[in-house]
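Peer 1: Predicted model, plus sequence, below.
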Amino acid sequence: MDSLSKASNLEIDNAPPVLWDVQACAAYLGKSPRWIWSALTRRPEEPGSIPHVRIGRTPRFLQSDIAEWVRHGCPPAATFNGWKASPSKRPQTT
């Protein structure tokens, strides 16, 4: 591996996580922004809730979390966040 490819791998490893706004998350999921806002009003343990973070009062979605959330069948946000905190409890994806 040459020094250029090592440097670009280092940049990728140190890149900040990608945060989506409501519009970008809705586009990725093929849903309307209204659907996303509705999911945000649910308690985290309720079906239909979506994992997110807030920056101030603004919801943001980690691209990697949403992709993994979809792969696991869109469980309630609290369930998904529990799996993130304890990977040994996470179901295996096929």
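Peer 2: Here it is on my side, so go on.

Peer 1: Now do the contacts for the residue nearest the centre of the chain.
Peer 2: With distances taken as CA atoms, centre = their mean, the residue of the chain nearest its centroid is Asp65 (2.3 Å). With contacts defined as CB atoms under 8 Å, 6 or more residues apart in numbering, Asp65 is in contact with 51, 80, 84. C-beta: built from backbone N, CA, C; applies to glycine.

Peer 1: all helices of the protein, in order?
Peer 2: Secondary structure of the chain (DSSP state H): helices located at 3-13, 22-29, 33-40, 63-71, 77-85.

Peer 1: now the second one against helix 33-40, angle please.
Peer 2: So that's helix 22-29. 100 degrees (axes from the mean of the first three to the mean of the last three CA atoms, to 10 degrees).

Peer 1: List the contacts of helix 22-29.
Peer 2: 20, 32-33, 35-37, 50, 59, 61, 63, 66, 70.

Peer 1: any idea of the angle that helix forms with helix 63-71?
Peer 2: Using the same axes, to 10 degrees: helix 22-29 against helix 63-71 is 40 degrees.

Peer 1: For helix 22-29, list every residue counted as buried.
Peer 2: Neighbour counts using 16 or more other CB atoms under 10 Å place 22, 24-26, 29 of helix 22-29 among the buried residues.
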